[in-house]
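> here is the input, now give the coordinates:
(one chain, ligands or ions: 1)
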Amino acid sequence: MRAVEPTFERTADPENLQHIASAVRQKIVRTIALAGLGHVGGDLSVTDILTALYFDVLDIDPANPLKPDRDRFILSKGHCAAAFYSVLSLRGFFDPAAVDTFMKPLSPLNGHPNRRKIPGVEANTGPLGHGLPIGLGAAIGAKVTGQSWRTFVVVGDGELQEGSNWEAAMAAGHRGLDTLTVIVDRNRFQQGAGTEATNRLEPLADKFRAFGWDVIDVDGHDVGALRDVLATRGSGKPRAIIAKTNKGRGVSFMEDLVDWHHKVPNAEQVELALKELAR
Ligand SMILES: Cc1ncc(C[n+]2csc(CCOP(=O)(O)OP(=O)(O)O)c2C)c(N)n1
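A predicted model of the protein is given here:
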């Protein structure tokens, strides 16, 4: 029988957060190897962002996932469901062992998150470009009803090539939605190629500023720095956090190689990856 997997409590200590992120990364690699499918590169790039949010910043209660005044979180890059499920389960939203069923027939843990099936998921995502418009609606909802909970949306950088993001960005700037934060997982790669070779995003910070946003650059693998910028909010403007990350972060033979967007490690590669991630 498999040993009970430990879950982790909320913590503000960057060293503890780093330890949790390492556990999340190991779980991602195991999950994808077991499923034989997944998006390991983008999962590993977004891990520290999700860890800082779920294990420190977000006002959420795993025992009461729909508490009315909870912060809202939307993983717009829904193809990185393995990272999301790993984090939600290790935070206590459901049994971490259930993640072993990822993408198996009849499992609720589909390749993209489904709010009707998974506690803690606020929005169904997968078709890129919809998370920020949904987050915009949530933030408008908070404003018109006078509530102070925050909305956080993680988008991929390749995903920002979808025009719906910029319609949402324009409306959020216009309305001064300072409870809305978007975090861009700026790993510089999308499917098949680099973002700048496909459809240039830079100067990305200037683009958000031009739409009336407050913009902060951060090392997207420094969990302590991430928690610090995520914990604060601006005044009168929505905030964009551009988190500089590496696709495949933490596994030497995956880092910054676009092949690992959607490739599955073999048994030997899994062993090596787990060894590197446990350091
Ligand atoms: C509308 C839409 N078009 C295409 C896809 C297929 N697709 C899945 S992931 C991906 C690349 C996304 O790149 P990025 O947002 O940079 O994600 P990351 O590199 O962080 O995984 C594409 C094109 C999709 N999911 N939705």
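
> spatially, what comes nearest to the residue in the stretch 51-200 of the chain that the ligand sits nearest to if we skip its sequence neighbours?
Scanning the stretch 51-200 of the chain for proximity to the ligand using CB to the nearest ligand atom identifies residue 156 as nearest, at 2.0 Å. (Glycine included, C-beta is placed from N, CA and C.) Closest residue in space to residue 156, ignoring its immediate chain neighbours: residue 77 at 3.9 Å, by CB to CB, 6 or more residues apart in numbering.

> quick check: that neighbour touching residue 159?
Yes - Residue 77 is within contact range of residue 159, at 5.6 Å (criterion: CB atoms under 8 Å).

> between these two, which one's more packed in?
Neighbour totals were compared for residue 77 and residue 159, and residue 77 leads with 28 against 25 (other CB atoms under 10 Å).

> show me the contacts for that one.
42, 46, 125, 128, 131, 154, 155, 156, 159, 185 (CB atoms under 8 Å, 6 or more residues apart in numbering).

> among those residues, name the ones in helices.
Counting by DSSP state H, the part of the contacts of residue 77 found in helices is 42, 46, 131.

> and the closest residue to the second one other than its chain neighbours, what's its pLDDT?
In space, and not counting its chain neighbours, residue 46 is closest to residue 185: 4.9 Å by CB to CB, 6+ apart. Reading off the confidence values, residue 185 has pLDDT 99.

> look up how far residue 213 lies from residue 185.
Taking CB to CB, to the nearest Å as the measure, residue 185 falls 17 Å from residue 213.

> between the two, who's got more neighbours?
Between residue 185 and residue 213, counted using other CB under 10 Å, residue 185 has the larger neighbour count: 28 against 23.

> dump the residue contacts of the residue nearest to residue 46.
42, 45, 46, 49, 77, 154, 155, 156, 157, 220, 243, 245.

> up against the ligand, what does the stretch 101-250 of the chain have?
126-129, 156-159, 185, 187, 189-191, 247 (CB under 6 Å from any ligand atom).

> out of these, which two sit at the greatest distance?
127 and 247 (20.7 Å; CB to CB).

> quick one: the strands in the protein?
72-75, 151-156, 180-186, 214-219, 239-244 (DSSP state E).

> buried set for stretch 214-231?
Buried residues in stretch 214-231, counted by 16 or more other CB atoms under 10 Å: 214-216, 218, 220-230.

> roughly how far is the lengthiest helix in the chain from the heart of the chain?
Secondary structure of the chain per DSSP H: the longest helix is helix 14-35. Here helix 14-35 is found 13 Å from its chain centre; the criterion is CA atoms, centre = their mean, to the nearest Å.
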